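Visitor: This is a predicted model, with the sequence first.
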2 protein chains.
Amino acid sequence: MALPKVGSIGEYIREQRTQAKISLRQLAAAAGVSNPYLSQIERGLRKPSAEILNQIAKGLRISAQALYVQAGLIEDREPDSDVLAAVKADEFITERQRQVLIDIYESFRKENRAGAPDENAQTAKNAHSAPEPRERDAGSSPDDETPSPEEVLAVFTPDPASSVNGHVTPETREG
Amino acid sequence: MALPKVGSIGEYIREQRTQAKISLRQLAAAAGVSNPYLSQIERGLRKPSAEILNQIAKGLRISAQALYVQAGLIEDREPDSDVLAAVKADEFITERQRQVLIDIYESFRKENRAGAPDENAQTAKNAHSAPEPRERDAGSSPDDETPSPEEVLAVFTPDPASSVNGHVTPETREG
DNA sequence: CCACGGTGCTTGCAGTTGCAAACGCACTGG
DNA sequence: CCAGTGCGTTTGCAACTGCAAGCACCGTGG
């Protein structure tokens, strides 16, 4: 997998941006680049430098690594084993929790792949939640196959009052 | 702004090159860039684009990631947890799925912190990306508070015929 | 009706990247 | 002593990035 699809980087950015439901100008401002330039990047008319790419990733609140991989600037490595390896190596969860996480992750992967390779845009399009902590829509969207975190958490939380009712803020990290 | 900002990247490249005992021209040829340009990069007179950086990394046979980190284009990995970092960096799951995974993981962490942290969570401390053969005991002991993977997976399987269609009713869980 | 704010896109233009050609230097050997 | 070969560096120049300004379009509403 060399890098024949350099143009896909723009599509990827636009996809992520529309998923986050922010305008081109908003992302441009958040990323610290000009709107016209971002427009050209998204349409593949310009090849953004690494610095710009990094800022865009920050503006999108996504991993810069994912962008670099999309841009073909980083070997595809083994993204799946990254998550799996990290889960396997984690020392703060129990064996059962580990298995659950692995199963969930693999289920997601399978779900995305089974959707449609041709229109894989759909796999990423049904992701409603914006990466930014605006209003975290906790309600279950009927058009989304993936349930809300609360729904999933309700299954394996032994004490509902501690987790679901208590606090589940997923944005507490990010330093 | 001339270039006082990116000094280390060039030094780093030159360091790696001299360590590899190859000449500037050799690396330039291997990386597919011109010798004068590589010279300027190494001395910090030019700020190489991501593409060039990637090619140089290939020519040096080193990880492009290391170069990006040196260039300050990628945050120095490991913000909080390897699992969270890997999940955030994963490009094959949707935003929503990402949030779900993060929520689940943090829920596990919190759950463990509330109870006994070191009961059966001493398994993988040295398994840093070690592809150990996964022993999947799908048996699920009922004495554990964590539900079986099947229960959890039943929640977010989009297949309606599989379990629950879209909506979640974790009533199947019984002591 | 036309002003207003919103979206994304097109157009010159300064500043930069990245390269081909040429330079200065050290070493070899005819 | 001067050709030949290696090194890293300097010098113009085409090509590009990235931006400010302006364009065309759409929906509001005064």
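Guide: Great, that's in hand. Residues are numbered from 1 along each chain as shown, chains lettered A, B, ... in the order given.
Visitor: With just CA atoms, put the longest helix seen in chain A into CSV.
Guide: Of all segments of type helix in chain A, defined using DSSP state H, the longest is helix A:95-115. Once non-C-alpha atoms are left out, helix A:95-115 reads as follows in CSV (Å, rounded to 0.1, in the frame of the first residue of the first chain):
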residue,chain,number,x,y,z
GLU,A,95,-9.2,-10.3,32.1
ARG,A,96,-12.9,-10.2,31.5
GLN,A,97,-12.9,-6.5,30.8
ARG,A,98,-10.1,-7.1,28.4
GLN,A,99,-12.1,-9.7,26.5
VAL,A,100,-15.1,-7.4,26.4
LEU,A,101,-13.1,-4.6,25.0
ILE,A,102,-11.4,-6.8,22.4
ASP,A,103,-14.8,-8.2,21.4
ILE,A,104,-16.3,-4.8,21.1
TYR,A,105,-13.5,-3.4,19.0
GLU,A,106,-13.5,-6.4,16.7
SER,A,107,-17.2,-6.1,16.4
PHE,A,108,-16.9,-2.5,15.3
ARG,A,109,-14.3,-3.4,12.8
LYS,A,110,-16.4,-6.2,11.4
GLU,A,111,-19.5,-4.1,11.4
ASN,A,112,-17.7,-1.4,9.4
ARG,A,113,-16.2,-3.8,7.0
ALA,A,114,-19.5,-5.7,6.5
GLY,A,115,-21.3,-2.6,5.7
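Visitor: What helices and strands are in contact with that helix?
Guide: Applying 3 or more Cβ pairs under 8 Å, 6 or more residues apart in numbering or on different chains; DSSP states H and E, one finds that helix A:95-115 contacts helix A:79-89, helix A:121-125, helix B:95-114, helix B:149-156. All C-beta atoms are positioned from the backbone trio N, CA, C, and that covers glycine.
Visitor: By mean pLDDT, show me the worst of those helices.
Guide: Note on those: lowest mean pLDDT is at helix A:121-125, with a mean of 34.
Visitor: Distance check, residue A:111 against residue B:94.
Guide: Distance, residue A:111 to residue B:94, using Cβ to Cβ, to the nearest Å: 9 Å.
Visitor: and these two? which has more neighbours close in?
Guide: Set side by side, residue A:111 and residue B:94 show more neighbours around residue B:94, with 23 against 19, by other Cβ atoms under 10 Å in any protein chain shown.
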